[in-house]
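Asker: Model the structure of this input:
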Amino acid sequence: MLKSRILLIVALFLTSVMFAQTSIGEATADLNGDAIPDLEGQIVTVSGMITSPSFQGTSRIQYLMQDLTGGVMLFYYNDYLELNLGDVVTVTGEIQHYNGVTEIVPSSLDDIVVESTDNTLFSPAAMSIGYLLANAEQYESMFVCLKNVSLADGETWPTSGSNNLTFTDGTDEITIRIDSDTDINGNTEPTWPADVMGCVSQYDNSDPYDGGYQVLPRFYSDFQAAGSVTGIMNLDYITADENNDAVPDHVGETYKAIGIVTSNSYQGDSRVQYYMQDATAGAMLFYYAEYMELLPGDLVEVVGEVQHYNGATELVPASLDGITVLAQNVPLPAPIILTIADFLDNAEMYENMVVAFQNVSLADGSPEWPAEGSSANLVIEDETGTLTMRIDSDTDIDGQTEPTWPADVVGCGGQYDSSEPYDEGYQVLPRFYTDFMPAGSVPVELTSFSAVASNGVVTLSWTTATELNNKGFEIERKAENTWENIGFVAGNGTTSEVSRYTFTDNAAGNVAYRLKQVDFDGTFTYTSAVEVTLVPTSLELNQNYPNPFNPSTTISFSVPENGNAVVKVYDVLGKEVATLLNESLNAGFHTVKFDASSLTSGIYFYSIKFGNQILTNKMMLMK
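Answerer: Numbering: from 1, shown residues only. Predicted structure coming up:
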């Protein structure tokens with residue numbers, strides 16, 4: 001089971017970087033904040049774990065599924081497919097929006113593929129009612145646990161049917177829906193207060209769809225004694241500082257978190273001091289009494305106490321047993337590209353996260369580059385300000401050749417401030433000598449690239465997490481083993497914000513696409529290619545390519561069923577000059593070459609006869 005769980009987490013985490021597929025978080029994203037998914041109406045492919053039974057019984061499909069980046073409702077109206085908790089499924093479907101809930105809706109049951117079964121379920125994300133309501137869109141369709149809640153005054157535990165009940169934790173209230181398709185109603189009322197688990201949902205039938213959030217318990221066993229559920233917490237919750245006193249609000253409390261190790265140990269092999277990060281924030285993983293080797297790219301589950309030391313927020317396990325390596329070689333998070341001023345304006349936000357600064361130099365008066373075996377606090381500067389850069393002797397940096405300045409520098413945001421109010425001493429800690437790169441090296445980070453075909457139209461979609469000097473993307477299509485440029489989409493220059501792009505193309509047959517990302521200085525890189533197959537539904541005759549041509553060109557066409565096809569070429573007087581094809585073909589897309597070496601320049605016509613249908617196009621030979 002452990003091996004199954006490790007493989008599952010690797011598979012789910014990698015969905016955020018796989019081509020031809022996107023993560024659930026990307027598929028359901030609402031970057032413009034209108035409570036409607038940005039990809040509404042688009043076809044996507046996602047993989048995730050089933051976290052609920054069907055809330056439609058066996059009449060139709062309504063499951064909740066999630067990966068490490070988000071959740072979505074899997075809905076299909078016309079038929080039923082039995083899925084079980086712990087099933088990992090890959091779904092291709094349209095992103096839709098119904099009464100506030102984001103759904104992925106396949107066109108048939110064939111678009112739901114069960115990849116594996118009996119996997120260990122995600123632990124729920126544990127939180128207060130107030131925190132959930134403040135972040136409801138982020139947690140929609142995800143498995144959560146509300147801590148220490150009770151039925152509100154005036155509410156009655158249900159004996160039958162579906163019921164919407166109001167629950168409270170003494171500070172905030174939320175609707176908890178007891179669905180008739182569960183085993184909850186009619187069971188003995190739980191003892192209050194309790195920890196209540198369930199999936200986050202929404203029912204809001206009017207624009208702007210920003211209300212009606214609720215939690216749907218799945219089973220009677222989702223009601224547990226108060227304090228008994230140790231759920232997964234996002235690091236932004238664990239490290240939260242709502243009162244802005246530069247001390248985390250949850251100091252002394254114990255939580256479970258999952259994150260990627262982003263550094264080597266800054267304590268050598270004497271004790272544990274790693275940086276870790278999830279999709280929301282970062283934390284320092286610290287354990288004083290003993291050492292455990294972790295590597296950058298390890299995905300770890302940590303149960304530890306929130307502590308605060310010289311300004312830094314730490315997650316401190318009671319023993320090494322509180323650290324579990326779930327997977328290895330997980331892709332590291334891309335650095336957040338910032339100016340020094342931007343970093344210092346929000347230093348608590350970026351603490352313990354991987355950040356990057358472009359085109360920085362050593363400031364006048366900075367200490368010298370450290371010799372081997374020594375640590376040093378240097379000062380770097382850009383056009384916006386100065387910042388301490390700590391070179392730690394437990395890295396491979398000290399003693400190396402000093403970089404050529406200016407340079408791009410990557411590292412983890414850190415802090416060392418030994419006195420209240422702990423709002424000074426911010427710094428960046430490079431992790432490896434390779435974190436120093438020539439100015440302009442921090443790249444455009446492409447996180448997804450996919451192609452979806454429908455009715456002869458291919459929609460290309462891609463997403464970047466960061467961009468540096470990005471002029472844009474040339475779109476290239478492969479035809480007859482040759483890549484051709486078919487369009488250009490402008491980029492966003494330099495940004496640390498997530499950017500989404502689309503491009504449509506009319507095509508036929510088996511086609512491949514790739515992106516050529518071009519910088520303003522003319523340098524470029526290519527993506528991997530994605531392929532699609534467009535299934536013909538009618539007889540089609542496409543424009544020859546190239547056109548005009550000399551002396552040869554390619555004619556492509558599609559036939560909707562098996563049968564005999566005849567392709568001929570005529571001059572402007574209607575005289576046949578060539579028969580290119582006269583044979584039985586299978587349904588699909590086909591091409592034929594036309595060599596006009598023996599003909600004179602001018603306009604010619606080409607036609608296809610298939611059954612009782614004849615289609616004709618013209619082309620130009622220019623010698």
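Asker: residues touching residue 96, list them.
Answerer: If you count contacts by Cβ atoms under 8 Å, 6 or more residues apart in numbering, residue 96 has them with 40-41, 75, 102-105. Any C-beta I mention is one placed from the backbone N, CA and C, and that applies to glycine too.
Asker: Reformat these as a markdown table; add secondary structure, distance to residue 403 and pLDDT.
Answerer: Converted to a markdown table, these look like this (DSSP: H, G, I helix; E, B strand; the rest coil; distance: Cβ to Cβ, whole Å; pLDDT from 0 to 100):
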| residue | secondary structure | distance to residue 403 | pLDDT |
| --- | --- | --- | --- |
| 40 | coil | 46 | 87 |
| 41 | coil | 48 | 87 |
| 75 | strand | 53 | 95 |
| 102 | strand | 45 | 94 |
| 103 | strand | 50 | 95 |
| 104 | strand | 46 | 96 |
| 105 | strand | 52 | 94 |
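Asker: Now list the buried members of the residues you listed.
Answerer: Neighbour-count burial (16 or more other Cβ atoms under 10 Å) is assigned, among these, to 75, 102-105.
Asker: what's the closest of those residues to residue 461?
Answerer: Nearest to residue 461 among these, counting by Cβ to Cβ, is residue 104 at 14.8 Å.
Asker: who does the residue lying closest to the closest one once chain neighbours are set aside bridge with?
Answerer: Among residues not flanking residue 104 along the chain, residue 93 sits closest, at 4.3 Å (Cβ to Cβ, 6 or more residues apart in numbering). When bridges are called by DSSP bridges, residue 93 pairs up with residue 44.
Asker: swap in the one 5 residues further on?
Answerer: The bridge-partner assignment for residue 98, based on DSSP bridges, gives residue 101.
Asker: Just the pLDDT for it.
Answerer: Residue 98 carries a pLDDT value of 91.
Asker: which of the contacts of residue 96 lies closest to residue 312?
Answerer: If you rank these by distance to residue 312 using Cβ to Cβ, residue 102 comes first, at 36.5 Å.
Asker: Am I right that the closest one is in contact with residue 139?
Answerer: No: applying Cβ atoms under 8 Å as the test, residue 102 and residue 139 come out as separate, 12.0 Å apart.
Asker: burial count for the residue nearest to residue 104?
Answerer: 22 (other Cβ atoms under 10 Å).
Asker: If I look at residue 447, what pLDDT would I see?
Answerer: Looking at residue 447, the pLDDT reads 68.
Asker: Other residues contacting stretch 380-392?
Answerer: 266, 339-344, 357-363, 366, 369-370, 375-379, 397-398, 409, 411, 414, 416, 425-430.
Asker: And for the residue lying closest to residue 452 once chain neighbours are set aside, the neighbour number?
Answerer: Among residues not flanking residue 452 along the chain, residue 43 sits closest, at 4.5 Å (Cβ to Cβ, 6+ apart). Applying other Cβ under 10 Å, we find 20 residues neighbouring residue 43.
Asker: for the protein, what's the longest strand?
Answerer: strand 457-479 (DSSP state E).
Asker: got the angle between the next helix or strand after that strand and strand 457-479?
Answerer: Note on strand 457-479: by DSSP states H and E, the next helix or strand toward the C-terminus is strand 482-495. Orientation check (axes from the mean of the first three to the mean of the last three Cα atoms, to 10 degrees): strand 482-495 against strand 457-479 gives 120 degrees.
Asker: what lines up beside strand 482-495 in the sheet?
Answerer: Its sheet considered, strand 482-495 pairs with strand 457-479 (antiparallel) by DSSP bridges.
Asker: Need the three-state assignment for the residue nearest to residue 242 when sequence neighbours are not counted.
Answerer: Excluding its sequence neighbours, the residue lying closest to residue 242 (Cβ to Cβ, 6+ apart) is residue 249, at 5.6 Å. At residue 249 the chain is in coil, as set by DSSP: H, G, I helix; E, B strand; the rest coil.
Asker: likewise residue 138?
Answerer: helix.
Asker: among the contacts of residue 96, which two are most distant?
Answerer: It's 41 and 75 that sit farthest apart of those, by Cβ to Cβ, at 15.0 Å.
Asker: Can you get me a residue count around residue 332?
Answerer: Residue 332 - counted by other Cβ under 10 Å - has 15 other residues nearby.
Asker: ok, now how distant is residue 522 from residue 469?
Answerer: Relative to residue 469, residue 522 is positioned 11 Å away (Cβ to Cβ, to the nearest Å).
Asker: Okay then, goodbye and thanks.
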